[in-house]
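Engineer: Sequence and predicted model, in that order:
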Amino acid sequence: MDFHEALNWRYATKKMNGEQVPQEKVDKILNAIRLAPTSMGAQPFSVFLITDQEIKQQILPIASNQTQVKDSSHLLIFAAWETMTDDQIQEYVDQTAEERELDKSELDPMKKGLKNLASKSKDEFFSWSARQAYIAFGFGLAAAAVEKVDATPMEGFDNEALDKLLGLREQGMRSVTMMPLGYRDEENDWLAPMKKVRRPSEKLFIKNEVPELT
């Protein structure tokens, strides 16, 4: 199954069967998330990997009792940072210098850019970091499809309650979205037999149009 076939195969699974996803496949999905592009490569977010059934049961009512939460093999929670500390910025600069065999002074422009971002308000920084998290989230969905693992993009949850349960605000981050990983229960999933519906290409893609100015 090639990439486009995988994208046609995937859908937002509404009912999972509780079967465990092999660790090898999970690792590939996580690596795709790790390799996703982000602004300046900063990756200003964390991904919580929940496998404990008791924790998933606590999250279930926070997520409007969407059963994919408890029936998933692994529950990924994407949490965007509210800022970057000086230590986090320096750690990233040090890692980049080491891996690319650069003098740290060559990375001063990048360091300055990150410090400028970190000087913004928490809400402004979070807005930026959340967008970076969503890029990685998309890569995770695509990688899961390639591995024939079902993944449900999920925003229908109480962010404040989840943040409180996981102590995210104390760690300087807020929840953005969740991705249950598992396998579809086709017999009990109303969406499984439905045809995928997408806008036609000629309506989605607009070529070379610039509005006339008056």
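Structural biologist: Perfect, I can see it now. Numbering: from 1, shown residues only.

Engineer: wait, doesn't residue 16 sit right on residue 186?
Structural biologist: No: Residue 16 is beyond contact range of residue 186, at 10.5 Å (criterion: Cβ atoms under 8 Å). The way it works is simple: take the backbone N, C-alpha and C, and place the C-beta from them, glycine included.

Engineer: which element follows the host helix or strand of residue 60 toward the C-terminus?
Structural biologist: Here residue 60, judged by DSSP states H and E, is contained in helix 53-62. The helix or strand immediately downstream of helix 53-62 is helix 68-71, counting by DSSP H and E.

Engineer: Residue 81: neighbouring residues, count only.
Structural biologist: Residue 81 is flanked by 26 other residues according to other Cβ atoms under 10 Å.

Engineer: quick one, phi psi at it?
Structural biologist: The phi and psi values for residue 81, taken as degrees, to the nearest 10, are phi -80, psi 150.

Engineer: follow-up on the earlier one: show me which of residue 16 and residue 186 is the more surrounded one.
Structural biologist: Per other Cβ under 10 Å, whichever of residue 16 and residue 186 has more neighbours is residue 16, with 24 against 12.

Engineer: Check the gap between the more buried one and residue 106 for me.
Structural biologist: As judged by Cβ to Cβ, to the nearest Å, residue 16 and residue 106 stand 48 Å apart.
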